[in-house]
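>>> fold the following, please.
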Amino acid sequence: MSDRLTLFEMTEAPAAPEGPLVRVRMTVAYDGSGFHGFAPQPAVPTVGGTLREALERVLQAEVDLTCAGRTDTGVHAWGQVVSFDAPAERFDPLVLGRSVNRLCGPAIVVRDVERAPERFDARRSAPGRTYR
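Numbers count the residues shown, from 1 in each chain. The predicted structure is shown next:
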């Protein structure tokens, strides 16, 4: 079993995705009050770690999550964009969004899920970022 912090118990770590993959663009909002920033860190809850664990549970595959910009402890977001690859046969935007919302809400909420161009990268494809 992985040493990652989880929201739920997994009997074994998910396998790397096999077969055809799709690039996914997901927009999330979150209340960062209970999190130690976005980037996964051992032994503390983070937005990225929590989101990745939920995605892996739903997709039943490892997820390498990329975000448009990391945040510090306690920071909130309304339109954080993340990208990752998902097994094509398990990718249903509606089901994925609803399932992750059930696992992560109300602290983390998926606002939008869509198939992205193959070379889309949340960090490198962002035309800009706005902070308040």
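
>>> following the helix or strand containing Val24, which helix or strand comes up?
Mapping Val24 onto the secondary structure by DSSP states H and E places it in strand 21-30. Tracing the chain C-terminally past strand 21-30 and defining elements by DSSP H and E, one meets helix 47-59 next.

>>> show the subsequent helix or strand relative to that following helix.
With elements assigned by DSSP H and E, the helix or strand that comes after helix 47-59 is strand 66-67.

>>> who's in contact with that next one?
By Cβ atoms under 8 Å, 6 or more residues apart in numbering, the list of residues contacting strand 66-67 from outside reads Phe38, Gly48, Gln80, Val81, Val82, Ser83, Phe84, Asp121, Ala122, Arg123. For every residue, glycine as well, the C-beta is placed using N, CA and C.

>>> cutoff 7 Å now
Applying Cβ atoms under 7 Å, 6 or more residues apart in numbering, the contact partners of strand 66-67 are Phe38, Gly48, Gln80, Val82, Ser83, Phe84, Asp121, Ala122, Arg123.

>>> also stretch 20-33?
Here stretch 20-33 makes contact (Cβ under 7 Å, 6+ apart) with 47, 51, 71, 74-88, 91, 107-118, 120.

>>> just stretch 35-48 next, same as before
Contacting residues not belonging to stretch 35-48 are listed as 3, 5, 30, 32, 34, 49, 52, 65, 67, 70-73, 75, 108 [Cβ under 7 Å, 6+ apart].
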